[in-house]
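# next come a sequence and a model predicted from it.
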Amino acid sequence: MEPIIEFKNATLGYGQKVVLSGISFSVLPGEYLGLVGPNGAGKTTIVRTILGSIPPIAGEVRVRSASGSALRIGYVPQRDTIDYVLPYTVREVVMMGRYRKIGLLRRPGPKDRDVVKQSLAHAAVDGLAERPFRDLSGGQKQRVLIARALATQPEVLILDEPTNGMDLPSRISVLDLINELHQGGKLTVIMISHLLDDVANHVRRIALVEPNFFQIGHVDEVLTAKNLSTLYQMPVDVHQMHGSKIILPGGRSHGAQ
């Protein structure tokens, strides 16, 4: 199986400012990958490179579908980057996901309306379609932004801190939705999060991202106390309880396993 995203010895950054260097990894169709690391470590830089917002400074980055055509990517930004002042309805927000395909100056057609209807239903927010987006709860807003990304009919879904600032029931609900889209919808998923428990118990592979420390692999191989203590420069414990990983600040040394 050919990768749909591939970094080969890539140096990433902005202009002459290097954020990450020597980055090599690939993403296969159908994967669920987590990107974790401290704030400012370079996670968003990786995503912006995948989206084509910034080119690599050096090395090679290839993004393509399995057929060799342009890869369709649905991007879910952090909620605090969205303008809540404008009085858009939920349906109007989700329709924004169709603008790249239909053009800003053209009216949506029957197919666009059908795709929006399906996307609302997949994200379980069809009952909120006429509600103002700004009046929704954090969990509801996140589902609407996921529906907007689904309206692009993506092959890959990229989510930036999808559960940040949510209470526990909302976090679980959104993570369950992402799992459903990955497994039932066969979507390739890349999730950025600083909430290690969320990532550890949902993704299949994980990348630890820091300018001088980049490692990628299966969750059980990478998400160890030793690696996390090195990444965050503090003792971190990794526990297993009732089949789930629990990650806590701890008293172990950096050599802990």
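Structure's in. What do you need?

# any low-confidence regions in this structure?
By pLDDT under 70, the low-scoring segments of the chain are 83-85, 104, 242-243, 251-257.

# ranges for the helices of it?
Here the chain has its helices, by DSSP state H, at 43-51, 90-95, 99-102, 110-122, 138-150, 168-183, 196-200, 219-222, 225-232.

# what's the closest of those helices to V76?
Nearest to V76 among the helices of the chain is helix 138-150; the distance by CB to CB comes to 4.9 Å. No exception for glycine: its C-beta is placed from N, CA and C like everyone else's.

# related to what we said a few turns ago, deepest of the helices of the chain, which one?
Among these, ranked by average contacts under mean count of other CB atoms under 10 Å, first place goes to helix 138-150 (a mean of 24).

# tell me what it is packed against?
strand 73-76, helix 90-95, helix 110-122, strand 156-160, helix 168-183 (3 or more CB pairs under 8 Å, 6 or more residues apart in numbering; DSSP states H and E).

# hang on, the earlier thing: adding distance to V27, write the helices of the chain out as a markdown table.
Below are these laid out as a markdown table (distance: least, CB to CB, whole Å):
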| stretch | distance to V27 |
| --- | --- |
| helix 43-51 | 9 |
| helix 90-95 | 26 |
| helix 99-102 | 22 |
| helix 110-122 | 22 |
| helix 138-150 | 17 |
| helix 168-183 | 13 |
| helix 196-200 | 15 |
| helix 219-222 | 15 |
| helix 225-232 | 20 |
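
# thinking again about what came up before, can you list the helices and strands packed on helix 138-150 in CSV and add distance to L20?
Listed next are the helices and strands packed on helix 138-150 as CSV, based on distance: least, CB to CB, whole Å:
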stretch, distance to L20
strand 73-76, 20
helix 90-95, 32
helix 110-122, 33
strand 156-160, 17
helix 168-183, 25
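
# quick one: which of these is nearest P249?
P249 lies closest, by CB to CB, to one member of the helices and strands packed on helix 138-150: helix 168-183, at 19.3 Å.

# how about the nearest residue to S193 once chain neighbours are set aside, what does it touch?
Leaving aside its chain neighbours, S193 sits nearest to V199 (5.0 Å; criterion: CB to CB, 6 or more residues apart in numbering). Neighbouring residues of V199 by CB atoms under 8 Å, 6 or more residues apart in numbering: 34, 36, 191, 193, 206.

# now swap in R48 and tell me
I54.

# so which of the contacts of V199 are in strands?
34, 36, 191, 206 (DSSP state E).

# nearest to Q16, of the helices and strands packed on helix 138-150?
strand 156-160 (25.2 Å).

# perfect, I'm done here.
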